[in-house]
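S.K.: Predicted coordinates and the sequence they were generated for:
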There are 2 protein chains.
Amino acid sequence: MMTLRDRKRHAVRAGISEVAQELFVSKGYEATTIDEIAAAAGMSRRTFFRYFASKEDVLTGRFELVADDMVVALEERRASESAWDSLRHAFDPLINYYRDPHRRERDAVTWLLIETNQDLFASYLVKLDDMKERLVGVLVERAVKNNGHEPIDNHLIRALVGAAIECLLASFHAVGPEYDVEVVAARLDDLMRKMRPGVAGEVSFTEAF
Amino acid sequence: MMTLRDRKRHAVRAGISEVAQELFVSKGYEATTIDEIAAAAGMSRRTFFRYFASKEDVLTGRFELVADDMVVALEERRASESAWDSLRHAFDPLINYYRDPHRRERDAVTWLLIETNQDLFASYLVKLDDMKERLVGVLVERAVKNNGHEPIDNHLIRALVGAAIECLLASFHAVGPEYDVEVVAARLDDLMRKMRPGVAGEVSFTEAF
DNA sequence: ACATTTTTGGCACTTGATGCCAAAAAAGTC
DNA sequence: GACTTTTTTGGCATCAAGTGCCAAAAATGT
């Protein structure tokens, strides 16, 4: 449930994010100190760290929300569906998210920052890995539910999830500031069709283990 | 060529690595300061930073060498071979590397440190991404050579390389301190067989683009 | 109006990382 | 072997990220 405090907290976070992004864009990520961000957001530095665990988190924290949506989407897929297809649909929330041109524009800027800074990029990779782990968790759980016991090797599930995510990354790769989401979506479909594993792709986890 | 200076530099790096790892294991990664490492290695802190760009680099720097070997191995594969199989053999140097039980043991400790520390893990992920990028580069170049022009979409190559690496990661996943490399190798073969893309896996880049 | 809980701000402190410069060491030259 | 040149090193100063701590302030509940 969304209590009042949570809402306020969320608003403050959004405010910091906003003002920080402006600073990052105008004078560069590294050149912007947390003191400056805090000052611009009207709070002390100490308080900044109560809303974001680190400087990178201001920009990469959003990925956790995306991951949340993906996890939910994956959980909602029917267990009889092949894991590969379920994963494809787990990515739908992200596609839908970027159907909003405002978000697209905003995140294109964020993306540029992330790509050009080591620390940010590292933070992004960590979030991405977290997401992978969570998706693996969902599919493992699904396999267990369908099977009554822990699957012998969840390495296959790991590889499957990893491969699907790589398709997602590749389909979004090298998009400019203004791009057509539908093109990206088509690319994703095409890639996941071509990359569909010969054996594992058809695994529904209903009868695989 | 391996000049005298390079050799000496390499030796110093190895020395630092050695003494640092001991400290990390005995008192934890974060609890070990660079001052302590430098002191134990018999040099000033300033000098430490002339051998390693960062604290993480002491442990994760090795991955670049592994990547070097993989890149060379991939370059040496015949262009007529399917990209998927070429990638499988690009991983051979790593498998061979771990046939030495001493390295296996040593890196198992390193691995534990990396897994339990955010900064280290992030650094590792960055190196891994670099490796991916380099392998993509090799296959793109191969495609261009075979085709005379830039391939229309190297997204497929990205996805292919990413998927292969995910198989590698999955096959090494959750190995304890003492493990059988041959088991891991068999797992890798099995995974890459199951994960072989229905279409893309057979792409040799001789006639695909 | 009062008591309780949460949030905030400022301070001190640690530590990783970088620039700068002069001393030391190594390499090359005659 | 003495000299010059180049590289390496150490110490200093500096900056910025992140954390613990505590008292003041604000919000919340009664």
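M.R.: In hand now; what should we look at?
S.K.: Flag the shaky bits of chain A, pLDDT-wise.
M.R.: With pLDDT under 70 as the threshold, chain A has low-confidence stretches at A:1-2, A:151-152, A:203-209.
S.K.: From the centre of it, give me the residue that's furthest out.
M.R.: Each residue of chain A has a distance to the centre, and by C-alpha atoms, centre = their mean the biggest one is for A:Gly148: 30.4 Å.
S.K.: Could you pull up phi and psi at that residue?
M.R.: phi 80, psi -10 (degrees, to the nearest 10).
S.K.: Within range of DNA strand D, give me the residues from chain A.
M.R.: When proximity is defined as C-beta under 7 Å from any atom of the strand, chain A approaches DNA strand D at A:4-5, A:32-35, A:45-46, A:49, A:53-56. Any C-beta I mention is one placed from the backbone N, CA and C, and that applies to glycine too.
S.K.: Buried by neighbour count, from those: which ones?
M.R.: Those of those that meet the buried threshold are A:32, A:34, A:55-56, by 16 or more other C-beta atoms under 10 Å in any protein chain shown.
S.K.: okay if I get those residues as JSON lines plus secondary structure?
M.R.: What follows is these, written out as JSON lines (DSSP: H, G, I helix; E, B strand; the rest coil):
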{"residue": "A:Thr32", "secondary structure": "coil"}
{"residue": "A:Ile34", "secondary structure": "helix"}
{"residue": "A:Lys55", "secondary structure": "coil"}
{"residue": "A:Glu56", "secondary structure": "coil"}
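S.K.: what packs against the lengthiest helix in chain A?
M.R.: The helix spanning the most residues in chain A, taking DSSP state H as the definition, is helix A:118-147. Packing partners of helix A:118-147 (3 or more C-beta pairs under 8 Å, 6 or more residues apart in numbering or on different chains; DSSP states H and E): helix A:57-60, helix A:62-76, helix A:83-90, helix A:101-115, helix A:155-172, helix B:118-147.
S.K.: Which positions in the last one come out as buried?
M.R.: By that I understand helix B:118-147. For helix B:118-147, the neighbour count (16+ other C-beta under 10 Å) marks B:119-129, B:131-132, B:134-140, B:142-143, B:146 as buried.
S.K.: for the shortest one, same thing?
M.R.: Taking 16+ other C-beta under 10 Å as the neighbour-count basis, helix A:57-60 is seen to contain the buried residues A:57-60.
S.K.: Compile those residues into a markdown table and extend it with columns for distance to A:His102.
M.R.: Converted to a markdown table, the buried residues of helix A:57-60 look like this (distance: C-beta to C-beta, whole Å):
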| residue | distance to A:His102 |
| --- | --- |
| A:Asp57 | 22 |
| A:Val58 | 19 |
| A:Leu59 | 17 |
| A:Thr60 | 20 |
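S.K.: For A:Ala11, state which of these is nearest.
M.R.: Taking C-beta to C-beta as the measure, A:Val58 is the one of the buried residues of helix A:57-60 closest to A:Ala11, at 15.0 Å.
S.K.: my guess is that closest one meets A:Ala38, correct?
M.R.: No: A:Val58 is beyond contact range of A:Ala38, at 11.1 Å (criterion: C-beta atoms under 8 Å).
S.K.: residues contacting the closest residue to A:Tyr179 other than its chain neighbours?
M.R.: Computed as C-beta to C-beta, 6 or more residues apart in numbering or on different chains, the closest residue to A:Tyr179 that is not its neighbour in sequence is A:Arg104, at 7.2 Å. Residues touching A:Arg104, when contacts are defined by C-beta atoms under 8 Å, 6 or more residues apart in numbering or on different chains, comprise A:98, A:178-179, A:181.
S.K.: In helices only, show me those.
M.R.: Taking DSSP H as the definition of helices, the contacts of A:Arg104 contribute A:Val181.
S.K.: between the residues of chain A next to DNA strand D, which is nearest A:Leu156?
M.R.: Nearest to A:Leu156, judged by C-beta to C-beta, of the residues of chain A next to DNA strand D is A:Glu56 at 32.7 Å.
S.K.: And the residue lying closest to the closest one once chain neighbours are set aside, how far from DNA strand C?
M.R.: Across the structure, with C-beta to C-beta, 6+ apart as the measure, the residue nearest A:Glu56 apart from its sequence neighbours is A:Ser123 (3.7 Å). Computed with C-beta to the nearest atom of the strand, to the nearest Å, the distance linking A:Ser123 and DNA strand C is 14 Å.
S.K.: what sits against A:Ser123?
M.R.: A:54, A:56-57, A:59-60, B:122.
S.K.: Let's see that with 7 Å instead.
M.R.: A:Ser123 is in contact with A:56, A:60, B:122, counting by C-beta atoms under 7 Å, 6 or more residues apart in numbering or on different chains.
S.K.: Get me the contact residues on chain A for chain B.
M.R.: Remark: the part of chain A in contact with chain B comprises A:121-123, A:125-126, A:129, A:155-156, A:158-159, A:162-163, A:166-167, A:169-171, A:173, A:187, A:191, A:194-201, using C-beta under 7 Å from any C-beta of the partner chain.
S.K.: related to what we said a few turns ago, looking at the buried residues of helix A:57-60, which one is closest to A:Ala20?
M.R.: A:Val58 (4.8 Å).
S.K.: wait, doesn't the closest one sit right on A:Glu18?
M.R.: No: between A:Val58 and A:Glu18 there is no contact, the gap being 9.9 Å when judged by C-beta atoms under 7 Å.
S.K.: number of nearby residues for A:Asn154?
M.R.: Using other C-beta atoms under 10 Å in any protein chain shown, the number of residues around A:Asn154 comes to 21.
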